[in-house]
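**Q** Would you be able to build a 3D model of this:
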Amino acid sequence: MHYERGDLQEAAKHVVLAEHGYAHLGIERQRIKAVFLDGAIKYEALALAEASATFQRIIDFGEQAHDAVWIAKGSYARANCELDRGNAAEASILFLKALAIFCETGPEENRIETDWGLARVVLHGGKASDAARRLRDVIAAFEVMGRVGNAAVAGIDLAEALLVLERWDEIAKVAAHAFRVLKKAGIVTGALTALAYLKEAATKRHLTPAALKAVREYLMRVEREPNLLFAPPPSIPG
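**A** Here you go, the predicted model:
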């Protein structure tokens, strides 16, 4: 409940208590779920090094229990941490490890998420055109699944690639498309305001990487906290 409300500090306290409680009772599967949630909370709180270490515990558990699913989940989650920390090479190895398992075991949505991560690795590696192509495929797949929130966030990554390529008009089109998709899905939150602002910033060529990062972080939060208001990034002139 605390995590859903965005109260990360209180959520962290409860998830640690839950882990200890399950460990005491010997309920290992529930304990590892609590550990994973602990990692997710740390990741959202931007405690990336701590989150990465927590997700490594998930990987270790999966290897000890011969549970490929937990190995894949831990690898994917830790890869995101390492990518955000600037360790693209390590992230790539982890994403590929997760992808090999998800391609064999599924589900399909996890494979698409991992493709998304690899597309971000390509983008961080300076290959904007290749990243843009991969991200368009990811966005299309998310939309088919009905995961329009994820599609919108991936659209911000696509906008980042297009910004490197100075394709301003395409950025505006990406923002407009995401706006229409969310609105059609009945999502009426500050996400629409954020996307409209992104479109305007791209049209005026005022968009910066820092502003894109702020919009991305907002979109990741607002899906879980629908009442969260969007505040225009100060780096974009009004």
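**Q** now what about the host helix or strand of Glu217, what contacts it?
**A** Secondary structure from DSSP states H and E places Glu217 in helix 209-222. By Cβ atoms under 8 Å, 6 or more residues apart in numbering, the surrounding residues in contact with helix 209-222 are 6, 44, 149, 152-153, 156-157, 159-160, 163, 189-191, 194, 197-198, 201, 228, 230, 233, 235-236. All C-beta spots, glycine's among them, are computed from the backbone N, C-alpha and C.
**Q** Could you rerun that using 7 Å?
**A** 6, 152-153, 156, 159-160, 163, 189-191, 194, 198, 201, 228, 230, 233, 235-236 (Cβ atoms under 7 Å, 6 or more residues apart in numbering).
**Q** what do you get for stretch 181-194?
**A** With Cβ under 7 Å, 6+ apart as the test, stretch 181-194 has contacts from 143, 148, 151-152, 179, 215, 218-219, 222, 226, 228-230.
**Q** what about 6 Å?
**A** The contact list for stretch 181-194, computed with Cβ atoms under 6 Å, 6 or more residues apart in numbering, reads 148, 179, 215, 218-219, 222, 226, 229-230.
**Q** can I get these in a markdown table with neighbour count, pLDDT and distance to Asp84?
**A** Converted to a markdown table, the contacts of stretch 181-194 look like this (neighbours: other Cβ atoms under 10 Å; pLDDT from 0 to 100; distance: Cβ to Cβ, whole Å):
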| residue | neighbour count | pLDDT | distance to Asp84 |
| --- | --- | --- | --- |
| Val148 | 22 | 97 | 23 |
| Phe179 | 20 | 98 | 26 |
| Val215 | 27 | 96 | 16 |
| Tyr218 | 21 | 94 | 16 |
| Leu219 | 25 | 95 | 15 |
| Val222 | 23 | 92 | 19 |
| Pro226 | 12 | 90 | 24 |
| Leu229 | 11 | 94 | 24 |
| Phe230 | 19 | 95 | 21 |
